[in-house]
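Q: Requesting a structural model of the entry that follows:
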Amino acid sequence: MLGPQQEAQAALFYEFSLEDHVPQDQLLRSIDRFVDLSSIRAHLAGFYSHTSRPSADPELQIRMLLVGYCFGIRSVRRLCEEVHLNLAYRWFCRLDLADRVPDHSTFSKNRHNRAEIASLIEVDIAATEAWLLRRIENKLNEARQRAAGVTHYI
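A: Alright, predicted model coming up:
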């Protein structure tokens, strides 16, 4: 006999940790070890008004742009959707499940109205890219040296 379908009842409390659901070998974990944006607020404080409403967190915006850069997400609208849905992206951006992802228009407004901030973000991304390329090159050189050492003994 086919039983009745159980209607789902929403739980009052959830015990969920993003940390537990992001694999240890996830690329963003490797990047996160080396990306320190803790001083970004001090750098950008002069660009923000003290009397207007609070803005979106600049560290969050930079982390989201890094996600887009690393995973080839060119559209800001698409980036916001991906960060909203992907647990690893949320983890990297320091967003909990209940936290709202900034609207795509936030990035557009910053791009158009705050050229100074956009140039700082581009500098940060360029510096991160240069660092990643150096790191990859160092790893390749280490592998070549190990390979040369192995063939020396054969």
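Q: ok, Arg135 to Glu81 distance?
A: 30 Å (CB to CB, to the nearest Å). In short, each C-beta sits where N, CA and C put it, glycine included.
Q: again, but for Glu129
A: With distances taken as CB to CB, Glu129 is found 24 Å from Glu81.
Q: Now the phi/psi pair for Gln24, please.
A: Geometry field for Gln24 lists phi and psi as phi -60, psi -30, criterion degrees, to the nearest 10.
Q: That one and Thr51, how far apart?
A: Here the distance between Gln24 and Thr51 works out to 45 Å (CB to CB).
Q: Over to Ala88?
A: The span separating Ala88 from Thr51 equals 37 Å under the rule CB to CB.
Q: Looking at the two, which is more packed in?
A: Between Ala88 and Thr51, counting by other CB atoms under 10 Å, Ala88 is the more crowded of the two (18 against 4).
Q: Mind listing what's buried along stretch 18-33?
A: Using 16 or more other CB atoms under 10 Å as the test for burial, stretch 18-33 gives Val22, Leu28, Ile31, Asp32.
Q: Can you redo those residues as JSON lines, where the extra columns are pLDDT?
A: Conversion of the buried residues of stretch 18-33 to JSON lines gives the following (pLDDT from 0 to 100):
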{"residue": "Val22", "pLDDT": "92"}
{"residue": "Leu28", "pLDDT": "93"}
{"residue": "Ile31", "pLDDT": "90"}
{"residue": "Asp32", "pLDDT": "91"}
